[in-house]
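[1] I would like to see how this sequence folds:
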Amino acid sequence: MASASSLIDIREEAARIELELRRRRWARDPTLWVSERLKETIWSGQTKILNSVRDYRRTAVKSCHEVGKSFIAGRVAGWWLDTHIPGEAVVLTTAPTGPQVSAILWKEIGRVHTKGNLAGRTNQTNWWIPVTQANGLAKEELVAFGRKPADMNPSAFQGIHAKYLLVLVDEACGVSGQLWEAIDSLLTHDQSKIVLLGNPDFPETEFEGSCKVG
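    Residues are numbered from 1 along each chain as shown. This is a model prediction of the structure:
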C-alpha cells in the first residue's frame, strides 16, 4: 500500500503535468489564456494584438485614446511570463514618463497578477518570481520591470538578457532620442519581441513610421 507521502507526491506530479499541458495550450492560444486564467472576455481587436505578439517579432498597436491599449498590454505581459519556464522569460516596459510607467501600464500588470493568481509578487514597477537554481533551491529573480531612462542614454538597457525577452513600449509616440537604439539593441534573437502602443499623433517619429509598415 502506498504511503500518505507517496500519494501526495503522485498528486503533486499529476498537478504539475496538468499545469504544464495547459501552459502549452495557452502559449499557442493567448486568448484562451485570458479566458481560462483571468476569466475575462476580450474583443476581436485585442485578440488580434495577442496573436500578433505570438506570431511576429514586432507589433505596433495604433489607436485613439481610451480603447484599452494598456489593458491588453498588461495581459500580454502576464501571458508571456506565465507561459514560459520561470527564469527564461523577461518583460521590460518603458514609456515617455515615469508616471506613465508606474501609474498606467504597471497598474494593469498588477491587476493581471492578482486576478490570475500568477507566480511571484509585484509592486508598482517590478515583478519577482521564484526560480529553481542548480542546487534545487528556489530564489527570487526579477522577471519584469518598468523603467524610464533618459532619452539620450544609449546604454540605458545594456546588460538585459533573457532567452525570451518581451519589450513593451507604452505611449510610444512620445519616446524619442537614442533610447530607440537602446531598445533595438535588445532584440538580438528570434525569441525577442517588441510591442509598441500609442497614438501616432506626431509625424516622422519612430512609432509613426512603425505604424506605416505593411
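[2] quick check: G146 touching T97?
    No - taking contact to mean C-beta atoms under 8 Å, the distance of 11.3 Å between G146 and T97 leaves them out of contact. In short, each C-beta sits where N, CA and C put it, glycine included.
[3] and the residue nearest the centre of the chain, how far from L197?
    Most central in the chain under C-alpha atoms, centre = their mean is A77, positioned 2.2 Å from the mean C-alpha point. Counting by C-beta to C-beta, to the nearest Å, the separation of A77 from L197 is 12 Å.
[4] between the two, what contacts are shared?
    With contacts defined as C-beta atoms under 8 Å, 6 or more residues apart in numbering, the residues shared by A77 and L197 are L168.
[5] just the CA atoms of stretch 89-101, as PDB, please.
    Once side chains and other backbone atoms are set aside, the C-alpha atoms of stretch 89-101 remain, and they are given as PDB (Å, rounded to 0.1, in the frame of the first residue of the first chain):
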ATOM      1  CA  ALA A  89      11.500  35.000 -19.800                       C
ATOM      2  CA  VAL A  90      11.800  38.700 -19.000                       C
ATOM      3  CA  VAL A  91       9.400  41.600 -19.700                       C
ATOM      4  CA  LEU A  92      10.800  45.100 -20.000                       C
ATOM      5  CA  THR A  93       8.400  48.100 -20.100                       C
ATOM      6  CA  THR A  94       9.100  51.700 -20.800                       C
ATOM      7  CA  ALA A  95       7.100  54.900 -21.500                       C
ATOM      8  CA  PRO A  96       7.900  58.600 -22.000                       C
ATOM      9  CA  THR A  97       7.400  59.500 -18.300                       C
ATOM     10  CA  GLY A  98       7.900  57.700 -15.000                       C
ATOM     11  CA  PRO A  99       4.200  58.100 -14.000                       C
ATOM     12  CA  GLN A 100       3.100  56.600 -17.300                       C
ATOM     13  CA  VAL A 101       5.300  53.500 -16.500                       C
END
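[6] what comes up buried for that stretch?
    Neighbour counts using 16 or more other C-beta atoms under 10 Å place A89, V90, V91, L92, T93, T94, A95, P96, Q100, V101 of stretch 89-101 among the buried residues.
[7] which of these lies closest to V112?
    Among the buried residues of stretch 89-101, V91 lies closest to V112 (C-beta to C-beta), at 11.2 Å.
[8] the closest one should be in a strand, yeah?
    Yes - remark: V91 belongs to a strand, assigned using DSSP: H, G, I helix; E, B strand; the rest coil.
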